[in-house]
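Colleague: Need coordinates for the below:
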Amino acid sequence: MNAFKRLAVIITAVLLVMTVLAACGKSEAGGIKDIKKRGKFVAGVKYDTFLFGFKNPSNGQVEGFDVDMAKAISKKIFGDENKLELKEVTSKTRIPMLQNGEIDAIIATMTITDERKQQVDFSDVYFKAGQSLLVKKGSPIQSIADIKKGTKVLGAKGSTSVNNIREKAPDATVLEFDNYQDAFAALKAGQGDALTTDNAILFGMAKQDPNFAVVGGIFTDEPYGIAVKKGNTELQKLINDVIKSMQESGEYDTLYEHWMGEKPSK
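Modeller: All right, here's what the predicted structure looks like:
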């Protein structure tokens, strides 16, 4: 083998090793070791979803059930719930933000679906919800059966509820907004006849404005999961351990009742 060929073989070998090392580093990114080295757990939460993730205008704090779940995960990792950074996500932005490394996990009223499982790995179910409708009190719309041709239904971009309403009420006109607060503002302004998403989120809106009510029960099953990057089994397992521990200790029931006003159904 001449010197040129020998050099080519060495360069090829070095490039191969570098590629393998880069791949390994990429697969570990966002793992617990990286989170500890950074010194904080970064969670993507909603800022517009009352009871789950909502920026309180009176104190500027983001509060809710999902925020408290993020605190419990931070406490598990660091022994300190305050080693936590919250970043705002929407139904549209949450998966891209997870995939590009801006956040470690999505804790944002995210329904577990087969389609989403192709993009992220989910924890066990941490909240059971179902899709419903929010209308102004006195509205003739009292269930999904009342959604007819010409009915304007409002929803959030990137949410499963938008797809579901098109399937359940194909004659409806569906208007999509960037987030739930924009959709709710549009409903209050008379730009639509009903707003649809998970009942737990709608209950929060009804608490914000008693002129509106949740009607018709639920017409879908919407189990929420906490999402991590594909292949991040270490963080996924830790989150599952947190959920299980909270359920067994009674901490979960206490948290649920604090935000929802009732005990979770068994």
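
Colleague: quick one: pLDDT of residue 90?
Modeller: The model reports residue 90 with a pLDDT of 94.

Colleague: Quick check: nearest residue in space to it, chain neighbours excluded?
Modeller: Once flanking residues are discounted, residue 90 sits nearest to residue 179: 5.1 Å by Cβ to Cβ, 6 or more residues apart in numbering. No exception for glycine: its C-beta is placed from N, CA and C like everyone else's.

Colleague: what's around that neighbour, how many residues?
Modeller: 22 (other Cβ atoms under 10 Å).

Colleague: Residue 224 too?
Modeller: Look at residue 224: counted by other Cβ under 10 Å, it has 24 neighbours.

Colleague: List the contacts of it.
Modeller: By Cβ atoms under 8 Å, 6 or more residues apart in numbering, the contact set of residue 224 is 109-112, 125-129.

Colleague: Redo those as CSV? Include distance to residue 239, neighbour count and secondary structure.
Modeller: As requested, the contacts of residue 224 are arranged in CSV below (distance: Cβ to Cβ, whole Å; neighbours: other Cβ atoms under 10 Å; DSSP: H, G, I helix; E, B strand; the rest coil):
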residue, distance to residue 239, neighbour count, secondary structure
109, 16, 27, coil
110, 13, 26, coil
111, 17, 23, strand
112, 13, 20, coil
125, 12, 15, coil
126, 8, 22, coil
127, 13, 23, strand
128, 17, 13, strand
129, 18, 22, strand
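
Colleague: okay but the residue nearest to residue 90 is in contact with residue 154, surely?
Modeller: No. The criterion here is Cβ atoms under 8 Å, and residue 179 misses it with residue 154 at 11.4 Å.

Colleague: show me what contacts the residue nearest to residue 90?
Modeller: Taking Cβ under 8 Å, 6+ apart as the test, what residue 179 contacts is 46, 48, 90-91, 156.

Colleague: Please pull out the lowest mean pLDDT helix or strand from this structure.
Modeller: helix 3-28 (a mean of 46; mean pLDDT, DSSP states H and E).

Colleague: Look up how far residue 104 lies from residue 234.
Modeller: Note on residue 234: its distance to residue 104, by Cβ to Cβ, to the nearest Å, is 11 Å.

Colleague: moving C-terminal of the helix or strand that contains residue 74, what's the next helix or strand?
Modeller: Using DSSP states H and E, the element containing residue 74 is helix 65-78. Using DSSP H and E, the helix or strand that follows helix 65-78 towards the C-terminus is strand 84-88.

Colleague: who does that following strand pair up with?
Modeller: The partner list of strand 84-88 in its sheet, established with DSSP bridges, is strand 41-45 (parallel).

Colleague: Can you list the low-confidence ranges for the stretch 151-266 of the chain?
Modeller: 266 (pLDDT under 70).

Colleague: where exactly do the helices run in it?
Modeller: For the stretch 151-266 of the chain, applying DSSP state H, counting those that start in this stretch gives helices covering 160-168, 180-188, 199-208, 233-249, 251-260.

Colleague: Residue 197 against residue 129, yeah?
Modeller: No. Counting by Cβ under 8 Å, residue 129 is not a contact partner of residue 197; they are 9.0 Å apart.

Colleague: Report the contact partners of residue 54.
Modeller: By Cβ under 8 Å, 6+ apart, the residues touching residue 54 are 46-48, 62-64, 204.
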